[in-house]
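1. Predicted model and sequence below, questions to follow.
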Amino acid sequence: MWEPTSAISALAFSRSSDSGYNGAIPTLRLAVGRANGDIEIWNPLKGQWVQETVCLGDGKSVDGLAWTQDPDEADNEGNVLPGQQRLFSIASSPAVTEWDLASSEPKRRSTGNFSEVWCFAAQPRWKTSKNVQDEPRSQDMVAGCGDGTLVLLSTADNDLQFKRFLARVAGKRARCMCIAYQNRDVVVAGFADSMIRIYDTRNNSQVRGMSLGVGLPGAPKNAFIWTIKVLPNGDIVSGDSNGEVRIWDGRNHSLVQRLTGHDNDCLDLVTSADGHTILSGSIDGRMSIYKQTLGEGGRKSWAKHSHRRAHSGEVKAMAAFDTKNGLSVVVSGGSDAAPVLTPLREYGKENSRALSSLPQEPKVVGAPRARLIASWWDKEVSICRIARQSEIDDVSQPQRPRKLVAKLSLDVKQAIRSVSISADGKLLAAATASEVKVFQLRRRTDSDALAVRKIHTPQEFASLGARLLSFSSDTKWLAAVTPDNEVHLARFAANPEQPKQLRCLPHTVELDRRHSKRAPSTLHEYDRTLVRLAFASDSSVLVAGDVSGYLDSWVLEGHEDLTAIAVDITKRDSDKASSKDGSDAGSDSSDDDDDALVIFYGQHWTDNPAGHLLPKLDSAPLVLTFRPTVPTAQTLTNGNPGVHSTRHNPHAHSHALPTGEHRLWVMTARHEMYECDVLAGRLSDWSRRNPTAALPADFRQIKDRVRDAVWDVVGQRQRLWLYGTSWVVMLDVGGDLMDAESVALTRKRRRKAKDVVGDSREPKRLKPSSGAGDLVESERSLGPQSLTRTENGHRANIDLTRSEQNADEDEDVEVDSDLPALQLARLRSNGSKGEAARRDQGTEGQRKWWCTFKYRPILGMVPLEDATIPEEDRMLEVAIVERPL
Amino acid sequence: MAGTKHDQNLASGKTPKVVHDDGAKGSSKKRKAESSEVTESSSKKVRHRVASPMVIIWNTHGETDTEEPTKKRKRQPVETETAEDVQPLPTTNSVEPSATRDEGIVVEEEDMADAEEEEIIQPRTVSEEQDGGGELEEDVEMATAENAVEDEVVEPGATTTGEVSEAKEAERAVVVKNGADPSKSSTKLSKLQRQQNRKLELSKLSLGEHEVQREKAEVDMNKAKNKEARIEKGRIVQERAQELAREVKMFKREGLAETAVAGWHVKEVRKQKKRPAWSLSNTVAGRFINHDPIFAKDSPTGDAVLITATDREILVLSVETSLPVRTYALRRGVSICSFSLDNADPESLHIVCDNGLSFTWRWSADGSGPQDLEPSDATFVAGGLANDRGPGLLYLKKSKGNSAIWSSRSLYTASKRLDEIQTVSDGDYVIAYGPEALVLGMRKDTGKKSNDYIWAELPMSTAVTCMDARVIESDSTSKKDKRPARISLAVGKTDGKIHLYDDVTSVFADHRQASLPTPRVLHWHREAVSAVKYSRDGSYLISGGKETVLVLWQLNTEKKQFLPHLTSEIERIVVSPEGDRYAIQMGDNSIMVLSTSELKPVANFAGLQLACPILRSSPTTVEYEHEMQNSKSVAAVLHPRHANQLLLAVPATQPKTSTNAAEARPFLQTFDTRTSRHVTRQALTRNNVTDLNLGPERTPVAPSDTTHVSISDDGQWLATVDEWMPPASDVEFLTTSWEELVEERRKRREVYLKIWRWDEAQGLWTLSSRVDAPHARAAKQTQGAGRILALVADPVSAGFATLGEDGRVRIWKPKTRVRHGVAMKGDGDVELVEWVCKRTVELPLGSEDGRADSPVDTARDHVPLKACLAYSEDASLLAAALTSAAHTTTLVHFLDTSSGDIKATKSGFAGGEHLEHVGFLDRYFITVVRDAVQIWDLVTDALQQRMVLPSGATLLAINSADGTFAVAVDSRINVYKPAETWAVHKDDCHQYITALLAGNGNKGYMLLFDDATIRTLALTGAPMRRALPDAPAAPKAPELTIEFGPPQDERLADDAEMAEVLALPAADTKASGLILDEAEDDRPVVRPEQLASILDVGQSFAMLPVRDMFEAVVGLYGRRPLVHAAA
């Protein structure tokens, strides 16, 4: 089954602050490097922290991460195009790797004649100075190696090249442990021989060497300098194996202060953007905070403020993002695998918070009808069968309800990125970055185990590789999102020779994505990365959502006609129309896949005509799921009446769009809830009646993002079960979550609040936050949270927890929470509080929502069906896979 | 001129002696007067001053009939002064150079001494005396006219007003009259005299408390004055007079009592006039209140002193000598809440009492009385409010649930209780705290000295236990900073954390901007931080708590330094203004002064460490309760050889606030009751004072409790009994009921009898023998050790007797350890002695009274509740009695100590009651039951007397030396003589008496009160004491020797006194007839050091009263030879 997430070994924000950018502010992402080589990209989303994508590594621990941004460019119209943000990593090898975030694959590696890289740092971004009209320059990188060599690398011209050696330090202990740029020209490096050396990159000269001196009594003579950072004013901060944090003057390189922050090694430290706060993390899991204060006579001095144990293991890596008005947070990670968010500006006033160490995308898939669960790790897929409830009850001997029925070890070079299993459990597809493999599963007659047969897929499909796979619910279609974010579809059908065997039709199709006009992004193609894929329950609609919140949708035209030829390749209609006058000329182009229209059994995929009407989501979708509908369309023997091949139209095909409602239920990373009628290209009526505001308050307070959803649709019952790492929520989406009156009320208040705020298009947040946890409750807070101010006999209560910059956002909260009418409406509509709840107790099914935190941490939840029970009596049955830490 | 004055003075001094034959007091006063005269005669300007009081006296003896004209003349200046009485006192004070003030004090004392004398000699009404003052003005010279004026003003309450005008008046007068004379000195003189006289008045008033008659007379006088005033003067004067009367009344009612010195002496002298009488001495010792001591400079000497207070006394303690310099005592029943130095005038101390009265005391002046008496209802006072109006003091006033900050008006009313208040930067900032809130105040306009403040109240989630604020002057170069001062704040919490706010001024910003940065957290203390202070330069923080470790936080580097293993938990820390000393008030009722640089103790002021009274509220069975109560009786004994040494078992620490903590007493404190000084402290049992004293379940490790202490007659052997039971939580799992729990605990009880030998070389008691479980448990229970209910020492030889709950009396005797027939010798040729149980006498159980209970019940009923044990004076007989629930009649058994036989068994002593105490006195046997004391004549075997006592907890002490015994019931004490049918003396101390000890010889009785104070009840004025010369009053002017060098007369006097003292012992010892029975020449060799230790105290003000000094000397010469005593 699934292995635990490995330890965090490196962390980097794509930028450290909002300040310092004169143009557009680049997007903010957090890169989390793990000991198994994975790099996760997290989106802070103003404090809502969601794991967007994962770049699978090669098993070598990510020792360092760094982001650069290419210089801004001006396009023809004079608009400034922000430069691309690029992510680099090092991993116990002499190489520096650049990552292609869009495909989540390594892009290029820079190697040279030097030993393994221990640390590296990116040059500060070039800033236009007023006096010198200089060409914008790219950021260099400096890498410190195990043999004491410092190497300069250039990232110019969207490339990564060895520039030159900066220095070679001889000696036994000349390992470069940490490195930082003091400014664009000066590099500060800490070595294992307890020396800090400063180099000027302009002339390759050593400016200065500073020694830590003899270690503390009892400690080894040589202290390791584990980490080095530079404050905005140029002062150097080092953390060493004695647990001391030392501050060195940036100009004359003298020791300013030594602070005993830890009892043992200080492994990493970060500084705030204003340079008045330092946080350090140590090997015992403690994080200490230091602040600069004015001492006697206005002399500035540093002092340790407090410490707290942030991790159960060590604090290996830390990263800080600090802006004045928004996020101000330190992320730390270590062997306990969970990134911990510590408030920086609001330290002591807000709680710190641990993010989930489990992947955002569930690594468990299920075949409800076959009661199979498949999960994967590295190159293996395990399939378990879950016993029926009745079977478990019947057996007198208590036994585990699950049984491993198959284990697939794939002969692939990379780790498996995605697995999909069809609902009937007959097909299983697994994909790596370069391969897609499909297997047919059959239950052996003699045992519980499954017989696995590999299904041949067309070469162009098999070698695509995929980051997402999804079978349609009728097992006929397999959709695959390639690393390059193309969507390919393969059709499966019974083998005519051996009816029990399934085969993949020899042609696959690529679906075109809509090229919408997007705002220029510093992450370029990454914004188009598809993260979710969903088939409608009748398999006739496919929707894919990408990181920036755009939805692409395709529909299956025509009706299945098993009498038609399996694969009929024709030209696209548009092509045909354009080449009507010169049909001969264009006839030979029919082989070209791009232009060809592939018709499978009379059906073919085409763009959803209303696709452009679908709204852009506010953020990446986390749940894309179609509301199940009762299948009505019957498969016709000749499904496409009136479509006949003629001589002029040898590839006649139906253009009939799928009928019925195809309601796509979406929940985004911001926990905004939408339901779209995909074919109509608009929000559904239900969604209009039930905006996000109608979600119960308990749910909206949950910080863990949603993982996936399970439908429970039987008869009139239409329930949606959502789950995250720590919670399971049921929403009754058959009716309205809130009555219309209160929704209107909510909306009105919202609009009003919006007017007050101005043109803030931000969705409302419940709480102003600097990005970490909630406000510390008063019993545990460090300082008082409010005060009473009395002047001239006039008393006023002042809340100290809120900083003035958040005041605007506060008003929303006040409006939202202080409204008695709205609270009353909530009371009336929800099923858990007050008299309303009691009144609803009698009638089962009146409950609009329900929430539990009983299960944790949830790796995945898959629905199961028991075919022996008549459908009307079926209750929802799910298997919840917990991953104890 | 000087010569003649001197003569006059001498004459005046001598006169009373001759006339009244009242030597002791008079001669000392005389000496004092002479010496001061001599010292000052060198300076011309002083002469006038000296002259005036003498003349007063002179004239006092003279005429008395010129009353009317004097008065009339006096009135005039009074009128002028009342008109401009807005001028505050400090203004005049501040212009005085201190040197002249010092001289002034001399005069003052002299004057006072004379005045007292005068009063004693001629018990006339006050008005007469005043007239005497008035006459002076007529008779002598113009300069003294002012004195007369002041004599009028002298009335209590008319204190601070009108000084300047008077001074001016005086100046003018002097200039007119004396011309060349330095006018300044004369103004000073007048003012000083005014003060003296005022003090005199006050002392008289205090006297009045003891003598109603006198008081009444004074009041009458005042009333008469008022009346007169009303007639003669205008409305202002009238009001003033009413005010006066009101204050006097209040004064009387509240009874701010004597300054210790003046009051004492007057009383002494007064007593001598009467026949010998029992009298209660002044109170000594006491617990320091929970308040920061104040470091100050004593202006006359420039010595560093520490000002602190016990409940009823303000103490000025010298850091150099570890001795009290001055004290100021309040009437009993009034306790001091808080005190603070005046910022503008660091010589006056503002004191707030729990009866809602506040007043000012000039602590630097000897014998000064209270000033500015006013009702304030405050609970805490802090100085340092720079203010152009009012005294610049800040008060905290408590009401229900909250507190208000007051100055001249209410400044702020907090919503929570506030405990202490602090000002920084001349009152620009005010910080007050209570457990639940912190209140910060900022003066609106720092330039103007207005009292408009902006207040910020911060609620605290974890309770605040201590706080210190400090102003940080920021860089003067940064002009942008509008508010240069920043306030950093250290707040100690109950969870052991110290929160450090670098700058709290940001809370005063406007509504939107107000913020408070998150504090620094310093967490080392396991338990609540009890004290935290900044060092002077702000680079250190000093904190202390229950861990008995002083923690010094180096704020810049995060390093900590520790001063561990202090003897007791830390309660208060104060940093001296120079930053070179720390004063640490500790839980064992002591204050230690440490040098900052070496952390070495500079001074130590240890008080009596008597355990705090315990309020018990948990429901327990009666029997168990009784047991507990019994064990909590004070274990104290007076040293038989050093009559002033009190040995008592004390707890390691005494919580000042929580009284419910059952504190065991593992330590022995030796306390000198004469000097009110701590002598030694040593551990008697195992204890974990300075260790981690928590068990694995975080429950405190209970130390053993010393329940009994007894000392042998020769002072060589000390017997202690300590017992220990596991805490209830340790055995709770074994039991289901309360009874079982008690039984389980008893099964695990440990009892030790320890006998200690005095080691002269080390000055310690060294353990000689330890007897584990000396007695078995009652009712033949085998598990666990039985309690020892009584321990008495053999009054003749070395030996002890114990009575245990098993109903046995054991007599313990020393036995020389012998090996091969040779006595073993230990270090220093001391014979090794081991203590053995020589006799065990099982007391026969009394009749069962026909009760047929179940065996279990019987077993429980047999557990004795109370035991009495007493030796007869010649140690031939031992009376023992046991009381248990099973027996209603208590049998008293008389044992022959030599044979161990029960000579007689008698019942009926108790008369159906439980016998509480028994004792032998001569041929009488004294028994104390619940509500009566009975005297039995053993010869006639009949009840001699039965005297009814009020009900209450009784204590009995028998003083065989003077043939009396005393019984204390709660706060009352009665002294009886067996032959007399009434109490010789009855007294009510208004304070719960926790221990009553018989003093040796004629010391009478020593009373220990639950507020850790000691008083002695003694027969004073006995003829044998008359020959003693009186000593100069203890806190008498040190400048005698310092400023002018020792004058001839002084030295002579000293020598004479010494000679007298040295000559005396022979006679005294003869009289006592203690030693002379032994003819051999083994009289003790008195080494000069020993004498020096008594006589050479260093500074004369620290010298003992002569009586005590005499006794100490006699003690040296008259002690019994050691060898003899041991045998």
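-> Received, thanks. Numbers count the residues shown, from 1 in each chain, chains lettered A, B, ... in the order given.

2. quick one: the helices in the stretch 651-800 of chain A?
-> Counting by DSSP state H, counting those that start in this stretch, the stretch 651-800 of chain A has these helices, from start to end: A:685-689, A:697-700, A:740-757.

3. quick one: the helices in the stretch 501-650 of chain B?
-> For the stretch 501-650 of chain B, applying DSSP H, counting those that start in this stretch gives helices covering B:622-631.

4. Where does pLDDT dip in it?
-> B:511-512, B:613-632 (pLDDT under 70).

5. still on that earlier bit, worst average pLDDT in the helices of the stretch 651-800 of chain A?
-> Note on the helices of the stretch 651-800 of chain A: helix A:740-757 shows the lowest mean pLDDT, a mean of 54.

6. got a pLDDT number for the residue of the stretch 151-300 of chain B found nearest chain A?
-> Per Cβ to the nearest Cβ, residue B:295 is where the stretch 151-300 of chain B lies closest to chain A, at 21.8 Å. C-beta here means a position set from N, CA and C on the backbone, and glycine is covered the same way. We have a pLDDT of 91 for residue B:295.

7. part of a strand, is it?
-> Yes - membership of residue B:295 in a strand is supported by DSSP: H, G, I helix; E, B strand; the rest coil.

8. Next up, the contacts around the residue nearest to it when sequence neighbours are not counted.
-> For residue B:295, ignoring the flanking residues on the chain, the nearest one in space by Cβ to Cβ, 6 or more residues apart in numbering or on different chains is residue B:576 at 4.1 Å. Counting by Cβ atoms under 8 Å, 6 or more residues apart in numbering or on different chains, residue B:576 touches B:295, B:304, B:582, B:583.

9. Please identify which of the residues you listed is nearest to chain A.
-> For the contacts of residue B:576, the nearest to chain A is residue B:582 (20.3 Å; Cβ to the nearest Cβ).

10. Give the next helix or strand downstream of the helix or strand containing residue B:994.
-> Taking DSSP states H and E as the definition, residue B:994 sits inside strand B:993-998. Going down the chain from strand B:993-998, the next helix or strand is strand B:1005-1009, by DSSP H and E.

11. So what touches that following strand?
-> Residues from elsewhere that reach strand B:1005-1009 (Cβ under 8 Å, 6+ apart): B:280, B:608, B:610, B:634, B:636, B:638, B:646, B:648, B:673, B:957, B:959, B:966, B:968, B:973, B:975, B:989, B:991-999, B:1014-1018.

12. try 7 Å
-> B:610, B:634, B:636, B:638, B:673, B:957, B:959, B:966, B:968, B:973, B:989, B:991-999, B:1014-1017 (Cβ atoms under 7 Å, 6 or more residues apart in numbering or on different chains).

13. These: which ones sit near chain A?
-> Among these, not one lies near chain A by Cβ under 7 Å from any Cβ of the partner chain.

14. Which parts of the stretch 201-350 of chain A are strands?
-> Ranges of strands in the stretch 201-350 of chain A, per DSSP state E, counting those that start in this stretch, are A:205-211, A:225-230, A:236-240, A:244-248, A:255-260, A:266-271, A:277-282, A:286-294, A:300-309, A:315-322, A:328-334, A:340-343.

15. can you list these in CSV and add mean neighbour count?
-> Output for those, formatted as CSV (neighbours: other Cβ atoms under 10 Å in any protein chain shown):
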stretch, mean neighbour count
strand A:205-211, 14
strand A:225-230, 24
strand A:236-240, 27
strand A:244-248, 24
strand A:255-260, 19
strand A:266-271, 26
strand A:277-282, 28
strand A:286-294, 22
strand A:300-309, 19
strand A:315-322, 25
strand A:328-334, 28
strand A:340-343, 26
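
16. Format the ones you listed as CSV; extra columns: mean pLDDT.
-> CSV is the format used below for those (pLDDT from 0 to 100):
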stretch, mean pLDDT
strand A:205-211, 90
strand A:225-230, 94
strand A:236-240, 93
strand A:244-248, 92
strand A:255-260, 89
strand A:266-271, 93
strand A:277-282, 94
strand A:286-294, 88
strand A:300-309, 87
strand A:315-322, 93
strand A:328-334, 92
strand A:340-343, 92
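
17. Okay then, goodbye and thanks.
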